[in-house]
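> The following comprises the amino acid sequence and a computationally predicted model.
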Amino acid sequence: MITEVARRVGPQLFGPDDEEEVEVLTDPAWLRAFGAAYAAALALGAPELLTPQENAVLARRWTTVFGSPVLPGR
């Protein structure tokens, strides 16, 4: 999702990956947003994979900005 939104912003956020010969997100701010979203998805979407403390650390960047989501059944 982050990559899709970044594509709408502009091509300047992307650069080549010479090894894979594809275009990838290279903008540092957008890469941090991607990392925060990815970590939150893991922590909030599959909490049984990690300890509660590990989940809290992974979700912290996301929940600091957006708050904790209301998750059904939890």
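In hand now; what should we look at?
> Please name the nearest non-neighbouring residue to the most centrally placed residue in the chain.
Taking C-alpha atoms, centre = their mean as the criterion, residue 37 is the residue nearest the geometric centre of the chain, at 2.3 Å. Nearest residue to residue 37, sequence neighbours excluded (C-beta to C-beta, 6 or more residues apart in numbering): residue 2, at 5.5 Å. All C-beta spots, glycine's among them, are computed from the backbone N, C-alpha and C.
> How many residues are close by that neighbour?
16 (other C-beta atoms under 10 Å).
> any idea how far residue 36 is from it?
Using C-beta to C-beta, to the nearest Å, residue 2 is found at 9 Å from residue 36.
> which residues do those two both contact?
Common contacts of residue 2 and residue 36 (C-beta atoms under 8 Å, 6 or more residues apart in numbering): none found.
> what comes up buried for the biggest helix by length in the chain?
When the chain is parsed with DSSP state H, its longest helix is helix 28-45. For helix 28-45, burial by neighbour count (16 or more other C-beta atoms under 10 Å) applies to 30, 33, 34, 36, 39, 40, 42, 43, 44.
> CA atoms of that helix as PDB?
Only the C-alpha atoms of helix 28-45 are listed here, as PDB (Å, rounded to 0.1, in the frame of the first residue of the first chain):
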ATOM      1  CA  PRO A  28      14.200   7.600   3.000                       C
ATOM      2  CA  ALA A  29      11.100   9.100   4.500                       C
ATOM      3  CA  TRP A  30       8.800   6.800   2.500                       C
ATOM      4  CA  LEU A  31      11.000   3.800   3.400                       C
ATOM      5  CA  ARG A  32      10.500   4.700   7.100                       C
ATOM      6  CA  ALA A  33       6.800   4.900   6.500                       C
ATOM      7  CA  PHE A  34       6.900   1.500   4.800                       C
ATOM      8  CA  GLY A  35       8.900   0.000   7.700                       C
ATOM      9  CA  ALA A  36       6.400   1.400  10.300                       C
ATOM     10  CA  ALA A  37       3.400   0.000   8.400                       C
ATOM     11  CA  TYR A  38       5.100  -3.400   7.900                       C
ATOM     12  CA  ALA A  39       6.100  -3.700  11.500                       C
ATOM     13  CA  ALA A  40       2.600  -2.700  12.700                       C
ATOM     14  CA  ALA A  41       0.900  -5.100  10.300                       C
ATOM     15  CA  LEU A  42       3.000  -7.900  11.800                       C
ATOM     16  CA  ALA A  43       2.500  -6.800  15.400                       C
ATOM     17  CA  LEU A  44      -1.200  -6.100  15.200                       C
ATOM     18  CA  GLY A  45      -2.100  -8.700  12.500                       C
END
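> Good, we can wrap up now.
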